[in-house]
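Novice: Fold the following.
(one chain, ligands or ions: 1)
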Amino acid sequence: MAVIQALGIASSLGGPHNPHSNAAELIRDHLRYYATELKQPQLQWHMVYPKRNGTKDAELQRLNQRISQYTHYWAQSNTPFLAIDGDHSCAMGIWSGVLQSLKKDQRFGLIWLDAHMDAHTFCTSPTQNIHGMPIAALLGTTDKQLAHLYPGNKFIKPENLVLMGIRSFEAQEYKLLKTRGIKIIFSDSINDFSQNLLSVAQQLSLKTEVMGISIDMDFIEPLEAPGVATPVAHGIKAQELINALKLIRHWPKVVGLELSEYYPQSDQKNKTLELMEKIIFTFYNCKSP
Ligand SMILES: [Mn+2]
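Specialist: Residues are numbered from 1 along each chain as shown. Predicted coordinates:
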């Protein structure tokens, strides 16, 4: 199988806890152990570490700039990639890079699986945590402070973004998304996630040439994925996500997969770590260890 470019981002600068994240390193090391036995998936790892100087905003701005250079290059050369980051603020760099790589006739569709809307700005966020803002940034509906953190000047079109699994949000976020007509599938309206995801992917695929999937691990039921920074009850069952990913894993339009918000300190007996590995093995169609 083709080599998958894997980007590990050792940052949780945008979250409420420690700014360093060892999430990507843990996954990389576990996968390396299995990969020697199974020889799959063939992941070529690139690690990105935040540089420790300046303000948090300045660090995140530089970090997302660097992230976007990787994904820009991979998307431009149609090279599939996996990105693992400590918190969802890195999605700004990951998907901005893909947006910048688009040729004139190409459009980009993003499926965002998350318990939260991540559509705050500094003006509306009660916590000021930047991991709650990447959707607003990707849409280009920011305040000045958030705009400064976003690399590039290409934004996602509202009609090409779908949020699924939402069950925790503030009124201002809902308003921002609603006024732009963004499709939101709330967690409590999902009965058959595989069918829901398949139909979302099919619809997006009709109007876009390049697609991406971003999975915030808090999308999943917290009893099955406790290792997240901001758990919310009543998530999607892990097995439902695995089954659903099997339906879309070989779509040539899907250039990248992001796994975000793994917070090892809250994990229980590596439950979340092992689930992430299962997601990666499933998505890249390898035998699960
Ligand atoms: Mn998120």
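Novice: Stretch 93-106 - what's its average pLDDT?
Specialist: Mean pLDDT, computed over stretch 93-106, is 97.
Novice: go on, stretch 146-154?
Specialist: The average pLDDT within stretch 146-154 is 95.
Novice: What residues does the closest residue to residue 138 other than its chain neighbours make contact with?
Specialist: Excluding its sequence neighbours, the residue lying closest to residue 138 (Cβ to Cβ, 6 or more residues apart in numbering) is residue 156, at 4.9 Å. Any C-beta I mention is one placed from the backbone N, CA and C, and that applies to glycine too. Neighbouring residues of residue 156 by Cβ atoms under 8 Å, 6 or more residues apart in numbering: 95, 99, 108, 110, 138-139.
Novice: so where's the longest helix in this structure?
Specialist: For the chain, the helix with the greatest residue count under DSSP state H is helix 56-76.
Novice: gap between the helix or strand just after it and the chain center?
Specialist: Later in the chain than helix 56-76, the nearest helix or strand by DSSP states H and E is strand 81-85. Offset of strand 81-85 from its chain centre (Cα atoms, centre = their mean, to the nearest Å): 8 Å.
Novice: Tell me the helices and strands packed up against strand 81-85.
Specialist: Strand 81-85 sits against strand 4-9, helix 23-38, helix 56-76, helix 91-101, strand 254-260, helix 271-283, with contacts defined as 3 or more Cβ pairs under 8 Å, 6 or more residues apart in numbering; DSSP states H and E.
Novice: can you tell which of these is closest to the ion?
Specialist: Proximity to the ion (Cβ to the ion) singles out strand 254-260 among the helices and strands packed on strand 81-85, at 6.2 Å.
Novice: what helices or strands is that closest one leaning on?
Specialist: By 3+ Cβ pairs under 8 Å, 6+ apart, strand 254-260 packs against helix 56-76, strand 81-85, helix 91-101, strand 210-216, helix 271-283.
Novice: Okay, strands next: where are they in the stretch 101-250 of the chain?
Specialist: Applying DSSP state E, counting those that start in this stretch to the stretch 101-250 of the chain gives strands spanning 108-113, 161-166, 183-186, 210-216.
Novice: Would you mind telling me which of the ones you listed is nearest residue 51?
Specialist: Nearest to residue 51, of all the strands of the stretch 101-250 of the chain, is strand 210-216, at 24.4 Å by Cβ to Cβ.
Novice: So which elements touch the closest one?
Specialist: helix 91-101, strand 108-113, helix 193-207, strand 254-260.
Novice: Taking helix 91-101 as reference, get the angle to it.
Specialist: Put simply, strand 210-216 runs at 180 degrees to helix 91-101, going by axes from the mean of the first three to the mean of the last three Cα atoms, to 10 degrees.
Novice: now strand 210-216 and strand 161-166, what's the angle there?
Specialist: Put simply, strand 210-216 runs at 20 degrees to strand 161-166, going by the same axes, to 10 degrees.
Novice: From the rest of the structure, what touches strand 210-216?
Specialist: Residues from elsewhere that reach strand 210-216 (Cβ under 8 Å, 6+ apart): 75, 88, 91, 94-95, 98, 101-102, 106-116, 118, 201, 204-205, 228, 241, 248, 251, 253-261, 279.
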